[in-house]
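Enquirer: coords below, sequence missing:
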Ligand SMILES: [Mg+2]
Ligand SMILES: [Mg+2]
Ligand SMILES: [Mg+2]
Ligand SMILES: [Mg+2]
Ligand SMILES: [Mg+2]
Ligand SMILES: [Mg+2]
């Protein structure tokens, strides 16, 4: 289970993407302008612009674009220019939040590449400065919110929700870091409740709940119960999404997913190894202990062979089917049809995805 | 100029300190309790408690305690129990913010000790997890604010001010990091405007302006102009404070300041070297180039000798006197006498300090 390695939805048509990227360019221009808050030196302006372009817009942008998409479904009509700009700005805040967490995560995980490029901290002259650059990214979010949303009736709620979700994500990262510390593998910690908790906190809240919560706020939703119902379903959906991510890491087509999975080599607390440990005999557990988390391709092959013996492909198919049925049932219990449409749109984009 | 190495005020009487620490204990208990936001695992609760105790309350607490102190002066009376608790909670938010920045700063600066203890990232099993722990600290601030201030008329302003000051601090850190990158000293960048800008952003806003802004909000102040006037004076005072810090690093009594200064060895962009470069002949500049930033004690002695030749002790005394006169004049232009009292209390605590 690695965070941010996949994305919530299929790649958008180029024109939708480029319209969304125009909003990025405006927000970037605003953040790089001098203000009462800060006057840039020429070097610092160049630095921040380079950092933003490297760390924020290079992903699939599905989390971000899902905010205007969701608002359109909630309003049941096309958005005005202003609604599109504002909801896309919130979408970019989600992307900024992800950029911040990925910058810090890559340093902590000693990762080398991200989105087909070197990680930001791996860029010459950056190094540990990246820690603070991530913090700058994080601080851009309230700057964007203040500039475009201060005075709106939901401004305070917006700040609270971003704060809450950032906190939950940091706690998910903490659980992940202390469960799977470097150089000290303890497979007895790789159990389903731990797996679920890590995934929900470190990925599902910001990737699935946050974009919809933003759209609900912009749509004028005030009913706390609706946020909670959406949260419950979206966190469940985010969990299912991460299970898919772990499954595809091993069984996906590298040509399709754009990379070769390395969760086995990296000793990841993946859904597959958790399922395997749950089903393994004592002998099989020893096979896992001796072969999991090793770079040696023959050991990776032994793990994959064991997954086959334990029939994990079928276990996944059953999980996928059950998740889908449970999610559809939960969605259809929602009173609001537009909210149902939003949730079904999310689910439709990930169900049986191949990448 | 190293941030966080000194503190804004003299050490408080033990009973004032212990009353303030009681508030820390309550806030910590609240943060470690399970809630809708997060349910701790036993390991994660132990981890966060250890991290908090190591990184938050170990400083002199002068920034934090200055919030209730300032509120008392603004109200011109003793505080009620509730006012004391709330203003101290804001004081702790300032301490939490500092803890967060120091955790990250120590990693970026490869520091070894902090407040007489190993830096948090140097503790066994912590390492790079400290990056995320700093982020958890940061996220505790809005949790504290939400729990105790949501619904107050100034809640949104409080969130905005903490966000603004955190952003300014991160930008100050960035300026510092890109001006004085590791292993690549360029003394031509060590000029006064750069020095002033780094110091104001990375230290003065959070150490001097933020505590007073918190007290003004709690006192019901709504006049934007008052915040701006206080900000201008307090940022100037914070600059003066950091100049003192740099001066004491070289000229202070180690027995008194509790450590042996190493700014010369560490190639710091200190006020002293900036002043020296400003006054040095071409020959003297070469002496600085060849001897600044070296561990060799004889080279450090050569720099100190040059400072003597350039009469920097006198330059500092003049600066201190001028700063004091200018600050008093600016303070006395404030209409509000209680605000004058707050500002004079800050100044009184740092003027001619020996540690
Ligand atoms: Mg993955
Ligand atoms: Mg990672
Ligand atoms: Mg990670
Ligand atoms: Mg210092
Ligand atoms: Mg430092
Ligand atoms: Mg530093």
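Expert: Nice, I can see it. Since the structure is predicted, the reported quantities are computational estimates derived from the model, not experimental observations. Ligands and ions are numbered 1, 2, ... in the order given.

Enquirer: quick check: residues of chain A near ligand 3?
Expert: Residues of chain A lying close to ligand 3 by C-beta under 5 Å from the ion are A:105, A:109. For the C-beta atoms, the positions are set from N, CA and C on the backbone; glycine is no exception.

Enquirer: which secondary element of chain A has the worst mean pLDDT?
Expert: Between all helices and strands in chain A, the lowest mean by mean pLDDT, DSSP states H and E belongs to helix A:254-257, at a mean of 81.

Enquirer: packing partners of it?
Expert: The helices and strands touching helix A:254-257, judged by 3 or more C-beta pairs under 8 Å, 6 or more residues apart in numbering or on different chains; DSSP states H and E, number zero.

Enquirer: next helix or strand past that helix?
Expert: helix A:271-279 (DSSP states H and E).

Enquirer: for the record, mean pLDDT for that following helix?
Expert: Mean pLDDT, helix A:271-279: 98.

Enquirer: hmm, that helix touching chain B?
Expert: No. Contact of helix A:271-279 with chain B (C-beta under 8 Å from any C-beta of the partner chain) is absent, the minimum separation being 15.8 Å.

Enquirer: that helix close to ligand 1?
Expert: No. Using C-beta under 5 Å from the ion, helix A:271-279 stays clear of ligand 1, coming no nearer than 9.8 Å.

Enquirer: would you mark the buried spots in that helix?
Expert: For helix A:271-279, burial by neighbour count (16 or more other C-beta atoms under 10 Å in any protein chain shown) applies to A:271-277, A:279.

Enquirer: I'd like the residues you listed as CSV, with distance to ligand 6 appended.
Expert: Below are the buried residues of helix A:271-279 laid out as CSV (distance: C-beta to the ion, whole Å):
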residue, distance to ligand 6
A:271, 40
A:272, 42
A:273, 40
A:274, 40
A:275, 45
A:276, 45
A:277, 43
A:279, 50
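
Enquirer: wait, which of those residues is closest to residue A:293?
Expert: Closest approach to residue A:293 among the buried residues of helix A:271-279 (C-beta to C-beta): residue A:273, at 9.3 Å.

Enquirer: contact partners for that closest one?
Expert: A:187, A:190, A:263-264, A:288, A:292, A:303 (C-beta atoms under 8 Å, 6 or more residues apart in numbering or on different chains).

Enquirer: just give the nearest non-adjacent residue to residue A:157, would you?
Expert: Sequence neighbours aside, residue A:217 is the residue nearest to residue A:157 in space, at 5.8 Å (criterion: C-beta to C-beta, 6 or more residues apart in numbering or on different chains).

Enquirer: residues contacting the nearest residue to residue A:43 once chain neighbours are set aside?
Expert: With C-beta to C-beta, 6+ apart as the criterion, residue A:43 has its nearest non-adjacent residue at 5.9 Å, and that residue is residue B:178. Residue B:178 sits next to A:43-44, A:47, A:129 when contact means C-beta under 8 Å, 6+ apart.

Enquirer: out of those residues, which end up buried?
Expert: A:44, A:47, A:129.

Enquirer: now do the helices in the stretch 1-150 of chain A.
Expert: When secondary structure is read from DSSP state H, counting those that start in this stretch, the stretch 1-150 of chain A shows helices at A:14-32, A:42-55, A:62-75, A:81-108, A:129-149.

Enquirer: pick out the residue in chain A sitting closest to ligand 4.
Expert: Distances between chain A and ligand 4 by C-beta to the ion are smallest at residue A:132, namely 18.7 Å.

Enquirer: okay, now that residue: neighbour count?
Expert: Using other C-beta atoms under 10 Å in any protein chain shown, the number of residues around residue A:132 comes to 24.

Enquirer: model confidence for it, exactly?
Expert: 98.

Enquirer: could you do residue A:2 as well?
Expert: pLDDT recorded at residue A:2 is 40.

Enquirer: returning to what we had before: got TSV for the helices of the stretch 1-150 of chain A, with distance to residue B:23 too?
Expert: Compiled in TSV, the helices of the stretch 1-150 of chain A are given as follows (distance: least, C-beta to C-beta, whole Å):
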stretch	distance to residue B:23
helix A:14-32	36
helix A:42-55	37
helix A:62-75	38
helix A:81-108	30
helix A:129-149	26
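
Enquirer: hang on, the residue nearest to residue A:43 in a helix?
Expert: Yes. With DSSP: H, G, I helix; E, B strand; the rest coil as the criterion, residue B:178 is part of a helix.

Enquirer: near residue A:110, how many other residues are there?
Expert: Residue A:110: 11 neighbours (other C-beta under 10 Å).

Enquirer: same check on residue A:223?
Expert: 11.

Enquirer: distance of it from ligand 1?
Expert: Distance check for residue A:223 against ligand 1: by C-beta to the ion, to the nearest Å, it reads 35 Å.

Enquirer: dump the residue contacts of that residue.
Expert: Neighbouring residues of residue A:223 by C-beta under 8 Å, 6+ apart: there are none.

Enquirer: picking that back up, could I get the contacts of residue B:178 as JSON lines with distance to ligand 4?
Expert: Conversion of the contacts of residue B:178 to JSON lines gives the following (distance: C-beta to the ion, whole Å):
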{"residue": "A:43", "distance to ligand 4": "24"}
{"residue": "A:44", "distance to ligand 4": "22"}
{"residue": "A:47", "distance to ligand 4": "25"}
{"residue": "A:129", "distance to ligand 4": "20"}
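
Enquirer: adding pLDDT, write these out as JSON lines.
Expert: Below are the contacts of residue B:178 laid out as JSON lines (pLDDT from 0 to 100):
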{"residue": "A:43", "pLDDT": "95"}
{"residue": "A:44", "pLDDT": "97"}
{"residue": "A:47", "pLDDT": "98"}
{"residue": "A:129", "pLDDT": "98"}
